[in-house]
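Engineer: Give me the fold of what follows.
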Amino acid sequence: AGGTSVTVTGSGFVSGDSFTAAFGSSTVAATYVDATTLRATAPPGPAGASTVTVTDTTAGVVATGNATFTYVVTPTVASISPSSGSTAGGTSVTITGTGFVPGESYSATFGSSSVTATYASATTLTATTPAGSAGAVTVTVTDTKASLNATGSATFTYFTPATVSSISPVSGTTSGGTSITITGSGFVSGRSYTASFGGSSVTATYVSATTLTATSPSGSAGASTVTVKDMTAGVVATGSATFTYVGTPTVASISPSSGSTAGGTSVTITGTGFVPGESYSATFGSSTVTASYASSTTLTA
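Structural biologist: Residues are numbered from 1 along each chain as shown. This next block holds a predicted model:
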């Protein structure tokens, strides 16, 4: 569309002489600044590269050398995806629009904070959100090389990340199906949540601002890190908890295998799949006592 203020650098410019700058076939006046500098305003031109030449019209002399000025169609912004993310920033977003040009430099402004936007195609830029305050902000794009603001904008909503502090119970069978309560803060009614147990995700249900519930998926024996994601906001909660998958234990033998009716005999129960940190009981007929973990293959009672 023209209107870009440009500086032409060279040598031999003379104070008092009149100059013109030709952008392709369009010529505009060029203003003397000093012996090495002229300034002009680009006229309208077709998209693409245009050769710029200078003429000293007072002397009737065309300057030697030239430069290249690239006309860029004013880009447009239509949308942004995802359209929400953490107030901490760091969300990778794709900005969709038109008129983006390889080789140009772009910035994306989220409210009052600007970040570099990277050319991906004629219709897409990518960027990483800066930190921001909770709420919606307008996202605009500037071609910084051409000093050209894109038309249109998009809206990005900042959400405060929820936090995860603990889960209960902290263990369950490897076959899954354990009902657990996730405790934290910042959970919001109406949003969708998932809970990831290691690499397996399940739906987490909102109960209150501090509580979600979920059912553990199946997993391998051992400790698994549990994280929560606000799927509506596209934000992973801060903090995590540990859930331990426990295989079904087996009992093979007890030693000694007999003792007094008065009780009090110390016995070792041998089997497999015993896990440190778990609580065990041993039932003798109809009477139950605490069994203590000794190793993955032994309990004592």
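
Engineer: residues contacting residue 67?
Structural biologist: Counting by Cβ atoms under 8 Å, 6 or more residues apart in numbering, residue 67 touches 8, 51-52. (Each C-beta comes from the backbone N, C-alpha and C, glycine too.)

Engineer: And residue 155, by the same measure?
Structural biologist: Shown in contact with residue 155 (Cβ under 8 Å, 6+ apart): 80, 83, 136-139.

Engineer: and it, which of the three is it?
Structural biologist: At residue 155 the chain is in strand, as set by DSSP: H, G, I helix; E, B strand; the rest coil.

Engineer: Across the sheet, point out what pairs with it.
Structural biologist: Listed beta-bridge partners, residue 155: residue 138 (assigned using DSSP bridges).

Engineer: again, but for residue 228
Structural biologist: Note on residue 228: beta-bridge partners by DSSP bridges are residue 195.

Engineer: in terms of contact, does residue 90 touch residue 127 like I think?
Structural biologist: No: between residue 90 and residue 127 there is no contact under Cβ atoms under 8 Å: 11.1 Å.

Engineer: Neighbour count: these two, which is higher?
Structural biologist: More crowded of residue 90 and residue 127, by other Cβ atoms under 10 Å: residue 127, with 23 against 12.

Engineer: close enough to count as contact, the more buried one and residue 119?
Structural biologist: No: using Cβ under 8 Å, residue 127 makes no contact with residue 119, being 10.8 Å away.

Engineer: hmm, back to that, ChimeraX command for the buried members of the contacts of residue 155?
Structural biologist: Buried residues within these, by 16 or more other Cβ atoms under 10 Å, are selected in ChimeraX with:
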select :80,83,137,139
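
Engineer: Distance to residue 280 for the contacts of residue 155 - can I get that in CSV?
Structural biologist: Formatted as CSV, these follow (distance: Cβ to Cβ, whole Å):
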residue, distance to residue 280
80, 54
83, 50
136, 53
137, 54
138, 59
139, 56
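
Engineer: List just the nearest of the contacts of residue 155 to residue 74.
Structural biologist: Nearest to residue 74 among those is residue 139, at 16.8 Å by Cβ to Cβ.

Engineer: tally of neighbours for the closest residue to that closest one other than its chain neighbours?
Structural biologist: Leaving out its chain neighbours, the residue that sits closest to residue 139 by Cβ to Cβ, 6 or more residues apart in numbering is residue 154, at 4.6 Å. Other residues near residue 154 come to 21 when the count uses other Cβ under 10 Å.

Engineer: Report the beta-bridge partners for residue 288.
Structural biologist: Under the criterion DSSP bridges, residue 288 forms beta bridges with residue 283.

Engineer: Let me know how buried it is, in neighbour terms.
Structural biologist: By other Cβ under 10 Å, the residues close to residue 288 number 11.

Engineer: Distance of it relative to residue 280?
Structural biologist: Note on residue 288: its distance to residue 280, by Cβ to Cβ, to the nearest Å, is 11 Å.

Engineer: same check, this time on residue 135
Structural biologist: Taking Cβ to Cβ as the measure, residue 135 and residue 280 are separated by 51 Å.

Engineer: Please say which of these two ends up with more neighbours.
Structural biologist: Neighbours around residue 135 and residue 280, counted as other Cβ under 10 Å, are more numerous at residue 280. The numbers are 15 against 12.

Engineer: residues contacting the residue nearest to residue 139?
Structural biologist: So residue 154 contacts 77-80, 83, 95, 138-139 (Cβ under 8 Å, 6+ apart).

Engineer: ditto for residue 174
Structural biologist: Residue 174 sits next to 218-221, 245-248 when contact means Cβ under 8 Å, 6+ apart.

Engineer: Most neighbours of all those residues, which one?
Structural biologist: Highest neighbour count within the contacts of residue 174, by other Cβ under 10 Å: residue 245, with 23 neighbours.
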